[in-house]
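# give me coordinates for this.
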Amino acid sequence: MEVKIPLEEKSNRGFPKKGRLLMKYATLMAEMRIVLSIAMLVPCTFFMTGCAMVMYKGEELPPDKVATISSKGVFIRTVDGEKAYGNGKFLPSKLILAPGEHEVGLSLYLQDNVLNYCSGIEYIAFIADAGRNYSARVYWGSSSWTPLIFDLQTKETVHCKKVKRTNKEL
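Sure thing, here's the model as predicted:
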């Protein structure tokens, strides 16, 4: 014979009420995991595919008529005086350039568990050839860093000249 206890008495005994609360909590956590998984899917897809920003005016040119530059370990802050949003640390940025000479502003970003450091902007100029892919990188000296441009096809450093500029607005 089964004795039926009214719901009010059941909740006063502790366990059944806690069980219901635990079930609600578990359901809520499962729903949150689903929402967070979906929320993370979009940025992860974006980070994995990267983004491209066209840095020239005029109509779109085919890939063999433009040059691209990405970054590794440095932020590409400007190209020819125009702000370039993207970075080498978190977003694999890819900028599309018209062939010719370009002035690129790069800054170093360091991060560890305690502090973050973002350097000032160093400007260098280089000549981009059509159909080539370049990477902005950093060379570490004994106590300083030097920005450089690396040709991804030839695996060689491109001739760059340092440009003296003081642009405090970025």
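# would you map out the domains in the chain?
Per automatic domain parsing, the domain ranges recorded for the chain read 7-48, 51-163.
# any idea which of the ones you listed scores lowest on pLDDT?
Lowest mean pLDDT within the domains of the chain: domain 7-48, a mean of 57.
# now do the helices in this protein.
Counting by DSSP state H, the chain has helices at residues 7-12, 15-49.
# surely residue 121 and residue 74 touch.
No. Using C-beta atoms under 8 Å, residue 121 is not in contact with residue 74; the gap is 10.2 Å. C-beta: built from backbone N, CA, C; applies to glycine.
# the two: which is more packed in?
Legend: neighbour count by other C-beta atoms under 10 Å for residue 121 and residue 74, higher for residue 74 (23 against 19).
# OK, contacts around that one?
Shown in contact with residue 74 (C-beta atoms under 8 Å, 6 or more residues apart in numbering): 87, 88, 106, 107, 108, 109, 136, 137, 138, 147.
# in strands only, show me the residues you listed.
106, 107, 108, 109, 136, 137, 138, 147 (DSSP state E).
# beta partners of the fifth one?
Taking DSSP bridges as the rule, residue 136 bridges to residue 71, residue 149.
# then the fourth one?
Applying DSSP bridges to residue 109 gives these bridge partners: residue 118.
# distance of it relative to residue 100?
As judged by C-beta to C-beta, to the nearest Å, residue 109 and residue 100 stand 28 Å apart.
# okay, those two: which has more neighbours?
Set side by side, residue 109 and residue 100 show more neighbours around residue 109, with 15 against 12, by other C-beta under 10 Å.
# alright, I will stop here.
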